[in-house]
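Student: Any chance you could fold what I've pasted below:
(chains A and B)
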Amino acid sequence: DAGVIQSPRHEVTEMGQEVTLRCKPISGHNSLFWYRQTMMRGLELLIYFNNNVPIDDSGMPEDRFSAKMPNASFSTLKIQPSEPRDSAVYFCASSQHGPTQETQYFGPGTRLLVL
Amino acid sequence: GESVGLHLPTLSVQEGDNSIINCAYSNSASDYFIWYKQESGKGPQFIIDIRSNMDKRQGQRVTVLLNKTVKHLSLQIAATQPGDSAVYFCAEASGNTPLVFGKGTRLSVIA
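Tutor: Residues are numbered from 1 along each chain as shown, chains lettered A, B, ... in the order given. The predicted model follows:
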């Protein structure tokens, strides 16, 4: 299995630009998670989906952030407009069944730098 | 790198010695626990998990111990190797919540 796939691996953009991060979960996994990791705040859960439906987006920091999961094999996290404080590593993870009490498998992350 | 916190606890261990990484969890309702390893520039990698009906579980060179009385979780690594150098996270979950991650501990192996 290829594991969780994320793209791009690195993104450098200017403040005000739109950023779209992409994730392909492990085939057959029903739950998908988006995390943000920074030095100051550690690993933060932003939003998670179960069977393509958003379950909890309380971790999304602002309305500038949005996430979609149009099908079982693809999800996007969009930031519009981006700001320098959004600079972080963004991880996508998936789990086989439900979103709770399950092992989550992480992708390699997208390193975002907003200038 | 940017994957760790500014005040991350650090454990330094001689190569070949055993390592013990500790984690205190807060939710007495948590009944599922996981240890992850994160190497620089990579995503967290699953190491071992344990459910609350157990107090010990062993894997290859790793053992997880769970003490529900004091809400404490530990990860023991036998014969620590340079490749074990990483940040280690514990995570907890209950029946209706996804994983909640701790801040992490950096393990540094001295050759």
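Student: Check the contact between B:G104 and B:A86; I expect there is one.
Tutor: No. Counting by CB atoms under 8 Å, B:G104 sits too far from B:A86 to count as a contact (9.4 Å). Using the backbone N, CA and C atoms, a C-beta is placed for each residue, glycine as well.
Student: Would you mind listing what in chain B touches chain A?
Tutor: Residues of chain B lying close to chain A by CB under 8 Å from any CB of the partner chain are B:2-6, B:31-32, B:34, B:36, B:42-46, B:49, B:51, B:89, B:93-101, B:103-104.
Student: which residues of chain A score low on pLDDT?
Tutor: Chain A contains residues with pLDDT under 70 at A:1.
Student: Residue in it with the shortest distance to chain B?
Tutor: A:F106 (3.6 Å; CB to the nearest CB).
Student: And the strands in chain B?
Tutor: For chain B, the strands defined by DSSP state E occupy B:10-14, B:19-24, B:32-38, B:45-51, B:56-58, B:62-67, B:72-77, B:86-93, B:100-101, B:105-110.
Student: Look at stretch A:97-108 and report the distance between its end residues.
Tutor: Stretch A:97-108 stretches 21 Å from its first residue to its last (CA to CA, to the nearest Å).
Student: who's in contact with that stretch?
Tutor: When contacts are defined by CB atoms under 8 Å, 6 or more residues apart in numbering or on different chains, stretch A:97-108 is touched by residues A:3-6, A:9, A:23, A:26, A:29-31, A:33, A:35, A:48-50, A:55, A:91-96, B:31-32, B:34, B:36, B:42-46, B:49, B:51, B:93-99.
Student: Check stretch B:73-80 too.
Tutor: Applying CB under 8 Å, 6+ apart, the external contacts of stretch B:73-80 come out as B:13-25, B:33, B:35, B:47-48, B:50, B:61-67, B:84, B:88, B:90, B:92, B:107, B:109.
Student: Quick check on these: which are buried?
Tutor: Using 16 or more other CB atoms under 10 Å in any protein chain shown as the burial test, the contacts of stretch B:73-80 include B:13, B:19, B:21, B:23, B:25, B:33, B:35, B:47-48, B:50, B:62-66, B:84, B:88, B:90, B:92, B:107, B:109 as buried.
Student: Contact residues of chain A facing chain B?
Tutor: A:4, A:33, A:37-43, A:45, A:48, A:56, A:88-89, A:91, A:93, A:99-109, A:111.
Student: Put the buried members of those into a PyMOL selection.
Tutor: Only the buried entries of these go into this PyMOL selection, using 16+ other CB under 10 Å:
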select buried, chain A and resi 4+33+37+38+42+43+45+48+56+88+89+91+93+99+100+101+102+103+104+105+106+107+108+109+111
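Student: Which ones among the residues of chain A next to chain B lie within strands?
Tutor: A:33, A:37-38, A:42-43, A:45, A:48, A:56, A:88-89, A:91, A:93, A:105-106, A:111.
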